[in-house]
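*Asks:* A structural model of the following input is requested.
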Amino acid sequence: MGPTRAQFIQYAPAALALAAAAAGPWSALAAAAAGAGAWASNVSAPALRSLIACGITSTGCGIAAQQILASGMNPLFALGLAVPAGAAALAHYRNTASLLTALPAKTTAGQSSQAQIITAYWKEFISGPTETPGRKLIQAGAELTHLALDVGDDHVAFTGVITLPQGQQVRVKAADIASVYQVPISQVEMGDPKHYAPNALPVMVHLMKAAVQPEIAGGVPTTPEQVWAAHVAIPDGAMPGTTLALTRYNGPLDWEGIATRDRKAIGTVNLQDLAGNLDLSAIQIALAPTDKPSQMGVRVMKEHALTHGTMLSTVVDELAMDSRGYVRLGTYIDANAALVPLAQPGSGARHLYLVGGSRSGKSGVLEQILLSALKSRIAVILSSPQAGTIAGADLTAYCGDGLDEAMGALRLAYAMMLDREARYRDPKFPFTDPLILIVIDEAHMLLSASSPYHAEAKAIVEQLTRRSLKRGIGVILATQTPLAEDLGNSSIIRSQLLIGGGAVFLRCAKGQGSLVGTNAVQGAEGIDLSMIPDSWPGQAQKVAVRDMSGLDTTASARPEDGTFGLGYLLTPGSQAVQFRSLHLDVAPVALAAGLPPVAVEDCEAWRHREAIAQTPLVDQRGKNLVGSLTDLLHRAQKGPTAQPQPQAQQGSTDPASPAGAEGQEPIKPRILALLRAGNMPMTVETIARKLGTPVNHIKPRLTELKKRDEVTNENGLWRSAA
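*Replies:* Okay, here's the model as predicted:
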């Protein structure tokens, strides 16, 4: 394969210069032949002039060298004449090399500037006037006019107008131009023929495009602002149209900032979508709404700030209520103490709404509240339908453990409110009696429509949340989900709890923790409690690969072993903020320091507490709740049987019915005989059905038998103690 035209133009003069010393006069003929060949190859005028000058210089040097050698002079003088010949060849090489690098090497066009080279290519392959044999021009006469160059450090482009005589139409295509200049067709831009004259069409050719900036790839460390703009602020991102301004930066996985949307509210943010945009786990991100709806605080954590928790034993002195009525419940994400109000000095008590599923840390929060109440000298009436779930039950003044007893505790709490209303006519509670907290654990077991005490419990709790605060009685109500049915579909209970205090939201079951729609809570919009993981990132993998034979069965649980107590705290007038309750490294009872439970004041309701706890306070339809202390005490003195009961079935000979000849006492031996014979736990309804006796006759007898330790009650199931 022979040399290309560009190589011939560059290296032929150098060969002539080296051969000049030997060729002598014949080098003139060789130079003339090279010049004729270059002219025949349609070389541009500047390149041809450079070639001729180089040939003349080389020829002159060769003739002079030949004469010196022929005259017998020192050969070194002849050799010295090769220096100007070589300089001429080097100058010609530099003149042509700078012009040919911007174009494909296969062209024969040598120009003194890029514009001349571009024009030469256009004339040779597109417009003419000359046409090489065996090759057809793309469109003869289609000249390139108004040529303009755009040359930079990282790009080269030219623009022009393809012009033809009047009456002709441009037929040059982008593919034709791309093939001539050896560039991709995407780098050729031509004007729309509909907008220009048929014989004048603008064109732009990018001979070398600027390098495209690499797109931000997920997982590649870069600035948070870039990641935010590329993935979060886009139309299908978690927070479209927002910009991020950093307030703290300690690395790509440890920073804080403010997201702002120009003149528009950010609205509800899906934390899972945001975590996906940032290529993080949801637990590594914390949102903090600000006072402006167009701004949202964002925090990204390499390791969650609350992973290791705060031990209860280290802050036990902070559990007592301060002068403002606040106690410490845990630690915020910013390491500040998380405070909740239990009282409002000079006005009364406060409510608290607690939501958390199984293994979320809800029981630990309740135990901590019981300890805070003890240290603050607040009396507690505990209603726990699920028996044996609260370890701090010994710190209470009255404990209703089990479904029936829990309902009795609610009745007593209502009676205490009526008693204080009768004794204190002044709306402002004078605080001569201790504050009282009514703690209702697993409230859905009493309030839901499936509960046998649904109507009565709902009526009592509604009245307590409405009327008890100014009498120094607060309600702390705990459920497993924020769903309306867990509160008996009562909007009054939820609204009064949130208005009269605050809320603690812990992890819930999947699909049951969304605080939107009918479950929306002001200040906690958009939070989905089911998205709080049950373990920290990587913890599940540690358990999966653990060798079971190496487990230490004596090791105590550590805060980083699970996300117990992790959730959101909502206090009156603020936004929900991520926090974690105190880690119970010791039993709350062990920190009671021997303090006795705070007793309720001596009053009529408290003195008749056992009778009140067994007396239903509504009629059979769930209406007409007892409205005064006098009526309540009168009903309690008559006993449970004073209430209207369903008539026994026709033909019934139940000795426990009101018409029975043997009265009601023989029912207890029958209950004991049934439980001992079956040797299986039974519900109240099952016992009543087997004995053919109304449920309302069975419940008080079971309560009396339990006090004698003859039967036991576990989660609503009764069993013989013998």
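*Asks:* and the lengthiest helix in the chain, what does it pack onto?
*Replies:* Longest helix in the chain, counting residues (DSSP state H): helix 45-70. If contacts are counted by 3 or more C-beta pairs under 8 Å, 6 or more residues apart in numbering; DSSP states H and E, helix 45-70 sits against helix 5-23, helix 26-40, helix 75-80, helix 82-100. Where C-beta positions appear, they are placed from N, C-alpha and C, glycine not excepted.
*Asks:* buried sites along it?
*Replies:* The neighbour-count check on helix 45-70 (16 or more other C-beta atoms under 10 Å) flags 46-48, 50-52, 54-55, 57-66, 68-69 as buried.
*Asks:* does L287 sit in a helix, a strand or a coil?
*Replies:* What DSSP: H, G, I helix; E, B strand; the rest coil gives for L287 is strand.
*Asks:* so what pairs up with S581 in the strands?
*Replies:* With DSSP bridges applied, S581 shows beta-bridge pairing to G330.
*Asks:* quick one: contacts for it?
*Replies:* L329, G330, A338, G361, G364, V365, Q368, V504, F564, G565, G567 (C-beta atoms under 8 Å, 6 or more residues apart in numbering).
*Asks:* what mean pLDDT does the longest helix of the chain have?
*Replies:* Helix 45-70 carries an average pLDDT of 72.
*Asks:* do the same with stretch 230-243
*Replies:* Per-residue pLDDT over stretch 230-243 has a mean of 91.
*Asks:* swap in stretch 669-688?
*Replies:* For stretch 669-688, the mean per-residue pLDDT is 82.
*Asks:* now what about it, what contacts it?
*Replies:* So stretch 669-688 is in contact with 404, 452, 690-691, 694-695, 697-699, 701-702, 705, 710-711, 714, 716-720, 722, going by C-beta under 8 Å, 6+ apart.
*Asks:* filter the residues you listed to the buried ones?
*Replies:* Using 16+ other C-beta under 10 Å as the burial test, those include 404, 452, 691, 694, 697-699, 701-702, 705, 710-711, 716-720 as buried.
*Asks:* about what we covered before: looking at the contacts of S581, state which has the most neighbours.
*Replies:* Using other C-beta atoms under 10 Å as the neighbour criterion, G567 leads these with 30 neighbours.
*Asks:* that one contacts L506, correct?
*Replies:* Yes. Judged on C-beta atoms under 8 Å, G567 makes contact with L506 at a distance of 3.9 Å.
*Asks:* spit out the residues that contact those two alike.
*Replies:* G356, S360, G361, L529, I532.
*Asks:* let me know the pLDDT of the last one.
*Replies:* Meaning I532. Note for I532: predicted pLDDT of 84.
*Asks:* how deep is it tucked in, by neighbour count?
*Replies:* If you count neighbours by other C-beta under 10 Å, I532 ends up with 23.
*Asks:* ok, it - contacts?
*Replies:* Per C-beta under 8 Å, 6+ apart, neighbours of I532: I283, S360, L506, R507, G513, T563, L566, G567.
*Asks:* if we go to 7 Å?
*Replies:* R507, T563, L566, G567 (C-beta atoms under 7 Å, 6 or more residues apart in numbering).
*Asks:* filter the residues you listed down to just the buried residues.
*Replies:* Burial by neighbour count, judged by 16+ other C-beta under 10 Å, picks out R507, T563, L566, G567 from these.
*Asks:* so which of those comes closest to P293?
*Replies:* Distance to P293 across the buried ones among the contacts of I532 (C-beta to C-beta) is lowest for G567, with 23.5 Å.
*Asks:* how about the closest one, secondary structure?
*Replies:* When classified by three-state DSSP, G567 comes out as strand.
*Asks:* residues contacting it?
*Replies:* By C-beta under 7 Å, 6+ apart, the contact set of G567 is V504, F505, L506, R507, I532, F579.
*Asks:* those residues in strands, which ones?
*Replies:* Among the contacts of G567, the members found in strands (DSSP state E) are V504, F505, L506, F579.
*Asks:* as TSV, those residues with distance to M239 would be great.
*Replies:* Output for these, formatted as TSV (distance: C-beta to C-beta, whole Å):
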residue	distance to M239
V504	27
F505	22
L506	26
F579	23
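*Asks:* hang on, S535 packs against G562?
*Replies:* Yes. The criterion here is C-beta atoms under 7 Å, and S535 meets it with G562 at 5.7 Å.
*Asks:* show me which of these two is the more surrounded one.
*Replies:* Using other C-beta under 10 Å as the criterion, S535 and G562 rank with G562 on top: 19 against 15.
*Asks:* now the strands for the stretch 551-700 of the chain?
*Replies:* Under the criterion DSSP state E, counting those that start in this stretch, the stretch 551-700 of the chain contains strands at 566-570, 577-581.
*Asks:* redo those as a markdown table? Include mean pLDDT and distance to R609.
*Replies:* Formatted as a markdown table, the strands of the stretch 551-700 of the chain follow (pLDDT from 0 to 100; distance: least, C-beta to C-beta, whole Å):
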| stretch | mean pLDDT | distance to R609 |
| --- | --- | --- |
| strand 566-570 | 90 | 34 |
| strand 577-581 | 89 | 31 |
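*Asks:* H195: how many residues sit nearby?
*Replies:* Applying other C-beta under 10 Å, we find 8 residues neighbouring H195.
*Asks:* so the closest residue to S574 other than its chain neighbours: helix, strand or coil?
*Replies:* Counting by C-beta to C-beta, 6 or more residues apart in numbering, S574 lies nearest to G523, which is 6.4 Å off, once chain neighbours are set aside. Here G523 is recorded as coil under three-state DSSP.
*Asks:* and G523, what pLDDT?
*Replies:* For G523, the pLDDT comes out at 71.
*Asks:* correct me if wrong: it contacts G573.
*Replies:* No. Using C-beta under 7 Å, G523 is not in contact with G573, being 8.3 Å away.
*Asks:* low-confidence ranges, the stretch 501-650 of the chain, go.
*Replies:* Along the stretch 501-650 of the chain, the parts satisfying pLDDT under 70 run over 516-518, 525-526, 537-557, 620-623, 639-650.
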